[in-house]
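Enquirer: okay, here's the prediction I keep looking at, along with the sequence it came from:
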Amino acid sequence: MPEDRFPGHRFLPYLLILPSVAIIVIFLVVPFIQSVRESFYTSTAFGTKTIFVGLRNYARLFASSDYRQSIIITLIFASFVVVVGLSVSLAIAHLLNQRIRGRGFYQVALIWTYALSPAVAGTIWALMFAPATGIVPYIVNRLTDGYVLNWMTNGRLALLVVSAAATWKMLGYNIVFFLAGLQNVPGELLEAARVDGAGGWRTFWKITFPMLSPTTTFLLFVNMLYSVFQVFGLIDIMTRGGPGNATNILVYKLYRDAFIHLDSGSASAQSFIIFVIISIAAVVQLRFATRKAVYAR
């Protein structure tokens, strides 16, 4: 009980947590409730008149081929960021965990990607892949005897480049956590496996990787949230949803409908749909992942 830990100050614990609770309520709970409410209304461009339309905004969204395409693009994009990002990060972290020369420098250098903002990361990749002046199209042109790599006119290539940029941006964060998890794997278990004749690959999959399950579960959730919500700046800098809506993921479509097309009812409905999708995915992911997680050390 609070009064047992703070004798004579019964309400002190509540006063201490009040600022945090107030911030959550004011900046998260209240806007969410307002967004849900606005999803049942439609309004004029300047908000001078609102009309209750019930579930019409939701029905219009799911009847829209553009919105269904945006969902598919988001799933492809998020799957690439999560699967490829975690796989590459784990491989790099495993290499950094070995006794190699200059290991400290590599550990610090690979963390720098996470220190960059999405907008800066998007600018770097946009400059590298610029069709006329970028280093990557130049190298491809020289190696392929004249092939012009123009991702600004190729939807699939643009989605691949944006996905790679988003994955690169998150590498440092993932590597830090995987490296911490690898350093906490008990050395006696690895030594026992070597004594029993297990090779490096078998030791990794049978001992090291199961011991990383709590870290992997956490990073799965964080990368899923990142790929859905936190890549707006990167996409806005690199493609603005193009070419031909090929990179128009859900969060960017929400922005365009809300602030460019001034359709607040549709944007509010989209925000609630994203919230529901993420909540369901998080619950399913955490339930199945934690069921197989190994927390003993």
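Expert: Thanks, I have it.
Enquirer: going forward, measure contacts between C-alpha atoms and count neighbours the same way
Expert: Noted.
Enquirer: now do the strands in the stretch 1-150 of the chain.
Expert: Remark: strands assigned in the stretch 1-150 of the chain by DSSP state E, counting those that start in this stretch are 41-43, 50-52.
Enquirer: from those strands, which stretch is densest packed?
Expert: strand 41-43 (a mean of 20; mean count of other CA atoms under 10 Å).
Enquirer: neighbouring strands of that one in the sheet, and parallel or not?
Expert: strand 50-52 (antiparallel) (DSSP bridges).
Enquirer: the partner strand: how far from the chain's middle?
Expert: 35 Å (CA atoms, centre = their mean, to the nearest Å).
Enquirer: show me what that strand is in contact with.
Expert: 40, 41, 42, 43, 44 (CA atoms under 8 Å, 6 or more residues apart in numbering).
Enquirer: need these in a markdown table with pLDDT, can you?
Expert: Putting the contacts of strand 50-52 into a markdown table (pLDDT from 0 to 100) gives the following:
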| residue | pLDDT |
| --- | --- |
| 40 | 91 |
| 41 | 88 |
| 42 | 86 |
| 43 | 79 |
| 44 | 71 |
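Enquirer: and which of those residues is nearest residue 279?
Expert: residue 40 (20.7 Å; CA to CA).
Enquirer: now do that closest one against residue 22, distance only.
Expert: 27 Å (CA to CA, to the nearest Å).
Enquirer: these two: which has the busier surroundings?
Expert: Between residue 40 and residue 22, counted using other CA atoms under 10 Å, residue 40 has the larger neighbour count: 20 against 12.
Enquirer: separation between the more buried one and residue 250?
Expert: Distance, residue 40 to residue 250, using CA to CA: 19 Å.
Enquirer: just for the stretch 1-150 of the chain, where's the confidence low?
Expert: Applying pLDDT under 70 to the stretch 1-150 of the chain flags residues 1-9, 45-48.
Enquirer: swap the cut-off to 90 and go again
Expert: Across the stretch 1-150 of the chain, the ranges flagged by pLDDT under 90 are 1-16, 27-29, 31-32, 34-35, 38, 41-54, 62, 93-119, 131-133, 140-150.
Enquirer: also the stretch 151-297 of the chain?
Expert: The stretch 151-297 of the chain contains residues with pLDDT under 90 at 151-154, 172, 176, 179-218, 221, 225, 228-230, 242-244, 257-267, 274-297.
Enquirer: hmm, 80 instead?
Expert: Residue ranges of the stretch 151-297 of the chain with pLDDT under 80: 187-191, 193-200, 282, 284-297.
Enquirer: ok, residue 138 - how many residues close by?
Expert: So residue 138, with other CA under 10 Å, has 19 neighbours.
Enquirer: picking up where we left off before, the contacts of strand 50-52: which two are farthest apart?
Expert: Farthest pair in the contacts of strand 50-52, by CA to CA: 40 and 44, 14.0 Å.
Enquirer: spatially central, which residue of the protein would that be?
Expert: residue 226 (1.9 Å; CA atoms, centre = their mean).
Enquirer: for the helix or strand where that residue lies, buried residues please.
Expert: Per DSSP states H and E, residue 226 falls inside helix 213-229. Applying a neighbour-count criterion of 16 or more other CA atoms under 10 Å, one finds 213-217, 219-221, 223-229 buried in helix 213-229.
Enquirer: what about the helices in the stretch 51-200 of the chain?
Expert: For the stretch 51-200 of the chain, the helices defined by DSSP state H, counting those that start in this stretch cover 56-63, 65-79, 85-96, 103-109, 112-115, 118-128, 135-143, 155-183, 187-195, 200-203.
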